[in-house]
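1. When you get a sec, could you give me coordinates for this:
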Amino acid sequence: MDTDDTSADRALFARLRDMWEETDPVPEDLADRMVAAVAVADLSREYALLTLVEGSVPAAIRGETDTATLQFSDGETNVLLHVTATEDGSRRVDGWVDAAALAIRLMQDDHDWPAQAGEHGRFAFDSIPPGVSRLHIVVRGSDGDLHDFRTPRFEV
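-> Now for the predicted structure:
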C-alpha cells in the first residue's frame, strides 16, 4: 500500500468521525453511566458467587485446627478476616482493615462483640460461638466523611 492510499484513508476516516460527532455526539454522561453499569454487573456477579457458596455443602476438611480466610471490599475499604476454631469449640476471629476504623462490631443474631483497631488496622474477637455472623465497621473515608462498611453474612 503506498502513502497516497494511506493518506486518503486517514482523510476519509477523519471526515466520517467529524460527521458522526456533529450528527450524533457522545452523551456527556456516557462514561459515568458505563462505570455505574459495570459496577452493578460486578455486584450481581459477586452476589451470585456468594449465593453459590451459601448453598453449597461444606467440604470435609480437617486438620490440627479448622481455619477460614475471608476477604471483603466495597471498592474503598478492604477487610481481611482469619477465623480459627479453638479447642473449646468457639472461634477466634482475627481481622485487618485498611481504613481508619472508628468502631468495629461482630454481630450474630441479637449478640454483638466490639473490637478496637490497633496498629495497622488489626483487630480480634475471642470466644465467638459458631454461627452466621456479620461484621460492621464505621470508617472515615478518603473524603473525610463517616461510612458504614457491612459485610455479607458469613459462617464462623
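
2. C-alpha from now on. contacts and neighbour counts both.
-> Fine.

3. Show me where the protein has its helices.
-> All helices of the chain, identified by DSSP state H, fall at 3-23, 30-55.

4. tell me which strands and helices the shortest one is in contact with?
-> I take that to be helix 3-23. Under the contact criterion of 3 or more C-alpha pairs under 8 Å, 6 or more residues apart in numbering; DSSP states H and E, helix 3-23 touches no helix or strand at all.

5. any idea which of the helices of the chain scores lowest on pLDDT?
-> Across those, helix 30-55 has the smallest mean pLDDT, namely a mean of 61.

6. so how far is the first residue of stretch 82-93 from its last?
-> Stretch 82-93 has an end-to-end distance of 6 Å (C-alpha to C-alpha, to the nearest Å).

7. domain parsing for the chain?
-> 3-51, 63-155 (automatic domain parsing).

8. could these be laid out in TSV, adding mean neighbour count?
-> What follows is those, written out as TSV (neighbours: other C-alpha atoms under 10 Å):
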stretch	mean neighbour count
domain 3-51	11
domain 63-155	15
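
9. Might you report the residue contacts of residue 123?
-> The contact partners of residue 123, taken as C-alpha atoms under 8 Å, 6 or more residues apart in numbering, are 94, 95, 96, 115, 116, 117.

10. before we move on, what about residue 96?
-> Counted by C-alpha under 8 Å, 6+ apart, residue 96 has contacts 79, 80, 81, 117, 120, 121, 122, 123.
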